[in-house]
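Asker: Give me a model of this one.
(chains A and B)
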Number of protein chains: 2
Amino acid sequence: MAANDDYVVGVDMGGTKILAAVINAKGEIVQQAKKATKPKKGADAVIERIARCIREAVDGADLKPSQIRAIGIGSPGPLDPDTGIIIFAPNLGWSNVPLKARLEANLSIPTFVDNDVNVGTLGEYAFGAGQETKNLVGIFVGTGIGGGIILDGKLFHGINKTAGEVGHMIVKANGPRCGCGNFGCLEAVASRTAMTRALRKAILKKGKKSVLTKLNGGNLDLIRSNAIARAVTRGDKPTIKVVRRAAKYLGISVASIVHFLNPEMIVLGGGVVEALGDSLLDPIRKAAAKYALPATMDSVQIVAATLGDNAGVIGASVLARQRLL
Amino acid sequence: MAANDDYVVGVDMGGTKILAAVINAKGEIVQQAKKATKPKKGADAVIERIARCIREAVDGADLKPSQIRAIGIGSPGPLDPDTGIIIFAPNLGWSNVPLKARLEANLSIPTFVDNDVNVGTLGEYAFGAGQETKNLVGIFVGTGIGGGIILDGKLFHGINKTAGEVGHMIVKANGPRCGCGNFGCLEAVASRTAMTRALRKAILKKGKKSVLTKLNGGNLDLIRSNAIARAVTRGDKPTIKVVRRAAKYLGISVASIVHFLNPEMIVLGGGVVEALGDSLLDPIRKAAAKYALPATMDSVQIVAATLGDNAGVIGASVLARQRLL
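Answerer: Next up, the predicted model:
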């Protein structure tokens, strides 16, 4: 097959929007389409919207569906990557939805599903920060914290298909309560949710002055990553303190992962990392270096993800190509 | 080669004794020999003692050295498993000792070296608790805490050859100081050293009554695993409390490893686990189940090592066979 005939579709499916992109063998986006997810309309309607979004992208690239070798989808989870069944996705209101089978029936194209953070990690491995590596760990910091593991160039899923739950590794036993019900998970001390909680406490309970009371439209219930980043740029003390604390815990977790798996690279991505950049990464690197045993960190790269919003569709295209083989 | 001609030698090299065993393809010990290490006599003398210990075991099996296909050695580390150079072994007083090259020059048998906990994990994988698995993690609890990772039936070393440093994963940020200089490592809260420290504090500083003041020959500086186990059996409250605390942290770390790597099995071994058995394993399993996310623990087995003192030589024999291929 000539390179210019070699297309797959990558789909990034979220609770608010669906992105579909026709992607060539070099990982380049040839054409893309976007639709609102509208999860309230139910799973049937959402699956039909995914199919339409894919058809639009394919049509926009002047291709026929029969010219698409495979479809890869990054979906919220937990899910079963073998059967392509979404076991549970609270954002979508889904439980046990056979996404792979339904789309294959609809489009007659081989379809492969994996969770969004796994797919993001795969994208960074193949066409982003991790192109020169074989073994890497992705950590994505946003509302929660998720991760993925690439070993020998392939996603590692583990016995229950749940590998990569970096956000629920316990970094501070007996620490703050996590959304999962436990105490001291990384997600409970370093996610955007944890930062928001700490900022609300500093500003509302302790009366600290912060530009966030203006920056975020006065809303302290849901502080956006960009607002946090702008507050840091303006030297806002409560925000800087909260970011440093999150960076410390992320750095400690990076050191733990380096001690345990000693991967070639740890890629950090997600909304919080994209917005804060080096003001988050530098203290993460420092904390990791401080907590790592001599020699364990020597060749390990700790870097930012480079694909940004495209990580989902590009990673999904890599999933499609790898699983097709 | 007929099965009854298929022999390798496994060597378990410690700071106090050297064990060498002739082992067949079924992992059975045909003949073994033992020598004191006598590290104070220097590296040359120790290497000569290892060679003699191997010759004794081979001779005892009525074999000639030329009938031995390979030698595997589990050594204290850090070391380089590719070059077989022991980078640093404080127990032996060694730094940069080319153990593989020196033994190959002495015995003319292909020799392979890896660290003792990696080799122990490999033994459990091939002929111990993990025989039905492909992906497992070994955790060995003694003076310190070490570990090894088997992925797809092979030891996973990582980019700096340091993978498996389970003892220095941080379980309690800002927790007790560890021998490595950091704070809150698993080793700092759950090793025999940590248990001894906590027991000394309870008995000597807080004045708690404990059978350990008699059991361990009155010595509270170095409380042996067997003394801890006997105190638990006798219902000694301070000891039970200390063991429960260690089990809790071990269980939390097991949950973190399950979240991150989701292996098929976690094998727990080492002096403390051997001595305490289910009185340690049961609370570890309970804590792990409590801290694990739903579904992540479903198929993961948490079991005790079964090879005991033979894990070292048997694991080393597996190393020899795998590396020879």
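
Asker: OK, contacts around the residue of the stretch 101-250 of chain A found nearest chain B?
Answerer: For the stretch 101-250 of chain A, the residue closest to chain B is A:G158, as judged by CB to the nearest CB, at 2.4 Å. To be clear about C-beta, it is placed using only N, CA and C from the backbone, and glycine gets the same treatment. Applying CB atoms under 8 Å, 6 or more residues apart in numbering or on different chains to A:G158 gives the contacts B:N135, B:L261, B:N262, B:P263.

Asker: cutoff 7 Å now
Answerer: By CB atoms under 7 Å, 6 or more residues apart in numbering or on different chains, A:G158 lies in contact with B:L261, B:N262, B:P263.

Asker: Which residue, neighbours along the chain excluded, lies closest to the second one?
Answerer: With CB to CB, 6 or more residues apart in numbering or on different chains as the measure, A:G158 is the residue that lies nearest to B:N262, at 2.4 Å, once sequence neighbours are left out.

Asker: Which other helices and strands does the longest helix along chain A contact?
Answerer: For chain A, the longest helix by residue count, based on DSSP state H, is helix A:237-260. The contact analysis (3 or more CB pairs under 7 Å, 6 or more residues apart in numbering or on different chains; DSSP states H and E) places helix A:237-260 against helix A:186-190, helix A:192-200, helix A:225-233, helix A:278-291.

Asker: Tabulate these in a markdown table, adding columns for distance to chain B and mean pLDDT.
Answerer: Shown next, in a markdown table, are the helices and strands packed on helix A:237-260 (distance: least, CB to the nearest CB, whole Å; pLDDT from 0 to 100):
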| stretch | distance to chain B | mean pLDDT |
| --- | --- | --- |
| helix A:186-190 | 8 | 98 |
| helix A:192-200 | 13 | 96 |
| helix A:225-233 | 22 | 96 |
| helix A:278-291 | 5 | 97 |
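
Asker: hey, which of those is tucked in deepest?
Answerer: helix A:186-190 (a mean of 28; mean count of other CB atoms under 10 Å in any protein chain shown).

Asker: residues making contact with it?
Answerer: Counting by CB under 7 Å, 6+ apart, A:141, A:144-145, A:166-169, A:171-172, A:175-179, A:194, A:246, A:249-250, A:253 sit against helix A:186-190.

Asker: 6 Å instead, please
Answerer: Outside of helix A:186-190, the residues within contact range by CB atoms under 6 Å, 6 or more residues apart in numbering or on different chains are A:G144, A:I145, A:G167, A:M169, A:V171, A:P176, A:C178, A:A194, A:A246, A:Y249, A:L250, A:S253.

Asker: Might you report the residue contacts of the residue in the stretch 201-325 of chain A positioned nearest to chain B?
Answerer: Closest residue of the stretch 201-325 of chain A to chain B, CB to the nearest CB: A:N262 (2.4 Å). By CB under 6 Å, 6+ apart, the contact list for A:N262 reads B:G158, B:I159, B:N160, B:T162, B:A163.

Asker: Can you tell me the element the residue of chain A positioned farthest from its centre falls in?
Answerer: The C-alpha centroid of chain A is most remote from A:G207, which lies 34.0 Å away (CA atoms, centre = their mean). Assignment of secondary structure by DSSP states H and E places A:G207 within no helix or strand.

Asker: ok, back up a step: does the residue nearest to B:N262 count as helix, strand or coil?
Answerer: coil (DSSP: H, G, I helix; E, B strand; the rest coil).

Asker: So for chain A, the centremost residue is which one?
Answerer: Mean-position check on chain A, CA atoms, centre = their mean. Result A:V117 at 3.8 Å.

Asker: circling back to that earlier point, in JSON lines, list the contacts of helix A:186-190 along with distance to B:G128.
Answerer: Supplementary listing: those in JSON lines, determined by distance: CB to CB, whole Å:
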{"residue": "A:G144", "distance to B:G128": "38"}
{"residue": "A:I145", "distance to B:G128": "35"}
{"residue": "A:G167", "distance to B:G128": "33"}
{"residue": "A:M169", "distance to B:G128": "27"}
{"residue": "A:V171", "distance to B:G128": "31"}
{"residue": "A:P176", "distance to B:G128": "39"}
{"residue": "A:C178", "distance to B:G128": "35"}
{"residue": "A:A194", "distance to B:G128": "41"}
{"residue": "A:A246", "distance to B:G128": "41"}
{"residue": "A:Y249", "distance to B:G128": "36"}
{"residue": "A:L250", "distance to B:G128": "36"}
{"residue": "A:S253", "distance to B:G128": "31"}
